[in-house]
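Undergrad: Turn this into a model:
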Amino acid sequence: MKVRRLIDSFNYAVSGIIYTLKTQRNMKIHFIAAFLVLFLSLFFNFSRTELLLLIFAISLVIIAEMINTSIEKTIDLITDKYHPLAEIAKNVAAGAVLISAINSVVVAYLLLFDRVNPYTSLIIIKIKNSPVHLTFISIFLVLIITIYVKTLTNTGTPFKGGLVSGHAAVAFATATAITFIGKNTLVTTLSFLIAFLVGQSRIEGGIHSTFQVFFGALLGILLTVLVFQFIG
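TA: Numbering: from 1, shown residues only. Okay, the predicted model is just below:
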């Protein structure tokens, strides 16, 4: 029962993210910007602290936008008439989003400005020595694309069905990353076996169809191969 409640709570949380992404133009901009920044970060040898700052800045903008949306909807629920206090509440929430966005721009400037130079090839060589970074970014990009596809297709719920299977995508992305890092046949076989079992459990549980799991696995593998093969 507790496990079911935990799954339901995840569903509610991701449903909130998807709703905001579907209905708020700024949220779509935030997601696209986050995807581009994370992708560009692959070309720079960020330290763990720098990567943490980058992730925190991105998360802060998304969180602020969701809180802003929540406040707007709550006020709209209470009244559909103009009220100065309602206006103040909405403006303050919008101001919080603006501050978080400015913060993200400052963080991006401080982290990226000194690294942007015409010698891109040298930067690519550096990133080859950061397999952990590549793995982390690959999985993050897979999650973003999965949520975006679920939003577009509008099928199932975040953790129950829908195109594509996020669990399969992350499992196969992780297995692919382990393949590139480990370079060991046995480790590769075991990694993909576990990923396969994750996909099978989603099908056996009636949560996803074979088609949805297949495309989830394909997304995870292709995106991770793209990151490791062409950048790593």
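
Undergrad: Could you tell me the model confidence score at the most centrally placed residue in the chain?
TA: Geometric centre of the chain, nearest residue: residue 144, 3.2 Å, by CA atoms, centre = their mean. Residue 144 is assigned 81 on the pLDDT scale.

Undergrad: Apart from its chain neighbours, what residue comes closest to it?
TA: Closest residue to residue 144 apart from its sequence neighbours, by CB to CB, 6 or more residues apart in numbering: residue 35 at 5.3 Å. Just so you know, the C-beta spots here come from the backbone N, C-alpha and C atoms, and that holds for glycine as well.

Undergrad: burial measure for that neighbour, as a count.
TA: A count of neighbours around residue 35, defined by other CB atoms under 10 Å, yields 16.

Undergrad: dump the residue contacts of it.
TA: Counting by CB atoms under 8 Å, 6 or more residues apart in numbering, residue 35 makes contact with 141, 144-145.

Undergrad: With secondary structure and distance to residue 93 as added columns, please give the residues you listed in TSV.
TA: Output for those, formatted as TSV (DSSP: H, G, I helix; E, B strand; the rest coil; distance: CB to CB, whole Å):
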residue	secondary structure	distance to residue 93
141	helix	29
144	helix	24
145	helix	28
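
Undergrad: Tell me the one of these nearest residue 185?
TA: Distances from residue 185 to the contacts of residue 35, taken as CB to CB, are shortest for residue 141 (26.7 Å).

Undergrad: Hmm, the closest one is touching residue 226, no?
TA: No: at 9.2 Å, residue 141 and residue 226 do not qualify as touching, with contact defined as CB atoms under 8 Å.

Undergrad: what about the two, which has more around it?
TA: Using other CB under 10 Å as the criterion, residue 141 and residue 226 rank with residue 141 on top: 21 against 13.

Undergrad: Please report how far that one lies from residue 77.
TA: 35 Å (CB to CB, to the nearest Å).

Undergrad: Residue 133 too?
TA: As judged by CB to CB, residue 133 and residue 77 stand 43 Å apart.

Undergrad: Quick check on the two: which one has the bigger neighbour count.
TA: Taking neighbours as other CB under 10 Å, residue 133 and residue 77 compare with residue 133 leading, 20 against 8.

Undergrad: can you pull the contacts of that one?
TA: Residue 133 neighbours (CB under 8 Å, 6+ apart): 41-42, 45-46, 51, 127.

Undergrad: So for it, what's the pLDDT?
TA: At residue 133, the predicted lDDT confidence score is 72.

Undergrad: excluding its backbone neighbours, what's nearest residue 166?
TA: What sits nearest to residue 166 in space, not counting adjacent residues and going by CB to CB, 6+ apart, is residue 146, at 4.3 Å.

Undergrad: Measure how far the helix or strand harbouring that neighbour is from the centre of its chain, please.
TA: Per DSSP states H and E, residue 146 falls inside helix 131-153. On the basis of CA atoms, centre = their mean, to the nearest Å, helix 131-153 sits 5 Å off its chain's mean C-alpha point.
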